[in-house]
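Colleague: Would you be able to build a 3D model of this:
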Amino acid sequence: MNKGRPFRAALPYCAGPSRGQGRIVWQEVTAVLEKVELAGGLPGPHRPEIPGGETTRRERDVADSVTTIGFVGCGGIGMHHLKIWQQIEQARVVAVCDIIPERAQKAADMMGARPYTDMAEMLRSEQFDAVDICTPSGLHAQQGIMAMEAGRHVLVEKPIDIDLVKIDRLIELADKTGLKLACIFQYRFSPQIQKANQLIREGKLGRIISCSTYVKWWRAQEYYSADAWRGTYALDGGVLGNQGIHSLDQLTWMAGPVAEVEYAHLDTIERQIEAETFAIAVVRFESGARGVIEATTNCYPGMPTRTQIFGTKGSAEFDGHTVVKFSVLGEEIDLQTQEEGQETDGRSDPMAIGLAGHHAQMLDFVLAIQEDRPVLCDGRSARVPVECLNKIYRKAGVKQKIGT
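Modeller: As a prediction, this is how the structure comes out:
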């Protein structure tokens with residue numbers, strides 16, 4: 001791999017950057033997004049149609065600047081990842097794996113790669129630099145450990161896992177080996193969101209009093225029945241661990257880690273699954289601020305996601321990766337990016353999501369490998385919302401083991 005300039009180390013998640021350091025992180029994300037735009041970006045926010053059949057790509061000479069990828073999990077979100085990998089010239093998918101042979105073959109045909117139905121066999125048989133994991137959440141850490149033990153860098157879809165013990169083993173292995181570990185949390189990857197987070201950490205909103213998030217989405221029983229792992233404590237969790245985990249990440253990224261869950265109620269309403277379809281909790285952050293977390297998949301047809309934060313000098317509101325408003329007493333700050341009438345968060349349809357944030361984060365992962373510098377969303381950072389999730393489960397009295 002090519003070695004680029006030394007990267008200014010990403011800061012610890014919990015501490016939050018100082019004024020200058022926050023600007024560095026924001027500028028680095030902006031630089032990655034500019035590279036996405038220069039590369040042509042993605043052709044639309046919903047289900048982008050990207051030309052397939054690029055078998056000639058496999059026949060190209062592999063230069064040092066191309067990171068090779070082994071891919072695991074060729075379902076819904078996995079196919080989105082593969083479409084993005086087609087757009088990233090610095091990377092090439094050379095092998096794909098899925099336990100369903102037909103899905104593995106379809107993905108292999110799409111990418112000009114070799115298909116596998118067993119991840120261990122793929123790791124033994126193929127030479128590639130990194131693994132992208134898009135399997136059910138309860139398998140993420142276990143499969144990430146397998147990949148790292150085979151000497152591969154690891155990228156996983158959200159969440160990094162739902163079992164904190166396995167997450168810690170994966171993080172420890174990444175530290176020991178020096179391999180890159182990244183987790184997709186695409187809500188962070190827009191210049192406006194990064195700038196807003198920087199301003200919050202610089203104290204523009206004053207002392208934070210409250211930070212709350214609301215995820216009122218719709219998933220019919222057919223969604224859960226489509227795959228046996230959905231809605232299970234072992235492999236998925238409920239609305240908090242699946243649909244709401246992005247908002248838990250945004251909440252804790254903006255306001256810091258949750259110190260205590262003061263109240264939590266979970267319920268499974270009109271769905272035949274193990275885990276919750278409705279959750280409400282009151283939390284206290286380490287900073288002393290309070291907040292409310294409300295999430296459901298029972299709200300037809302699905303409402304916009306909202307994260308709201310206010311302090312002694314101002315307030316901000318976010319809808320996923322967009323800034324609805326950012327208001328500071330006595331100042332004019334224009335960060336608004338809200339696009340009305342466009343669903344890109346999956347509130348009604350799990351496949352109707354914007355992919356620009358994924359694209360930017362996947363490119364960041366590749367560049368981190370090639371430049372030998374930290375990723376912008378690492379394992380420790382991705383652990384924080386899962387810790388919040390587990391604290392809510394404990395407060396609500398969930399007795400079942402979370403994770404496999």
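Colleague: now the helices for the stretch 251-400 of the chain?
Modeller: For the stretch 251-400 of the chain, applying DSSP state H, counting those that start in this stretch gives helices covering 356-371, 379-396.
Colleague: same thing with the stretch 51-200 of the chain?
Modeller: Using DSSP H, counting those that start in this stretch, helices in the stretch 51-200 of the chain cover 76-87, 101-111, 119-125, 140-149, 164-177, 191-201.
Colleague: is it fair to say R230 lies in a strand?
Modeller: No - assignment of R230 by DSSP: H, G, I helix; E, B strand; the rest coil gives coil, placing it outside any strand.
Colleague: show me what contacts it?
Modeller: 223-224, 236, 242, 273 (CB atoms under 8 Å, 6 or more residues apart in numbering). The C-beta positions use only the backbone N, C-alpha and C, and glycine is treated the same way.
Colleague: do that again at 7 Å, thanks
Modeller: Contact analysis of R230 by CB atoms under 7 Å, 6 or more residues apart in numbering lists 223-224, 236, 273.
Colleague: Could you save those residues as TSV and add columns showing distance to D168 and neighbour count?
Modeller: TSV is the format used below for the contacts of R230 (distance: CB to CB, whole Å; neighbours: other CB atoms under 10 Å):
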residue	distance to D168	neighbour count
Y223	31	16
Y224	29	22
D236	20	21
I273	27	20
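Colleague: Identify the farthest-apart pair in the residues you listed.
Modeller: Farthest pair in the contacts of R230 (CB to CB) is Y223 and D236. Separation: 11.5 Å.
Colleague: Just to check, R188 is in contact with W253?
Modeller: Yes - using CB atoms under 7 Å, R188 makes contact with W253 at a distance of 6.4 Å.
Colleague: what pLDDT does the residue lying farthest from the centre of the chain get?
Modeller: Going by CA atoms, centre = their mean, the residue of the chain most distant from its centre is G330, 35.0 Å out. We have a pLDDT of 93 for G330.
Colleague: Pull the contacting residues for it.
Modeller: By CB under 7 Å, 6+ apart, G330 has no neighbours at all.
Colleague: In contact with Y187, which residues are there?
Modeller: Contacts for Y187 (CB under 7 Å, 6+ apart) come out as 193, 246, 249-250, 320-321, 357.
Colleague: Repeat that for R114.
Modeller: Going by CB under 7 Å, 6+ apart, R114 touches 94-95, 108, 126.
Colleague: so which of those residues is the most crowded?
Modeller: The most neighbours of any of those, using other CB atoms under 10 Å, belong to A95, which has 26 neighbours.
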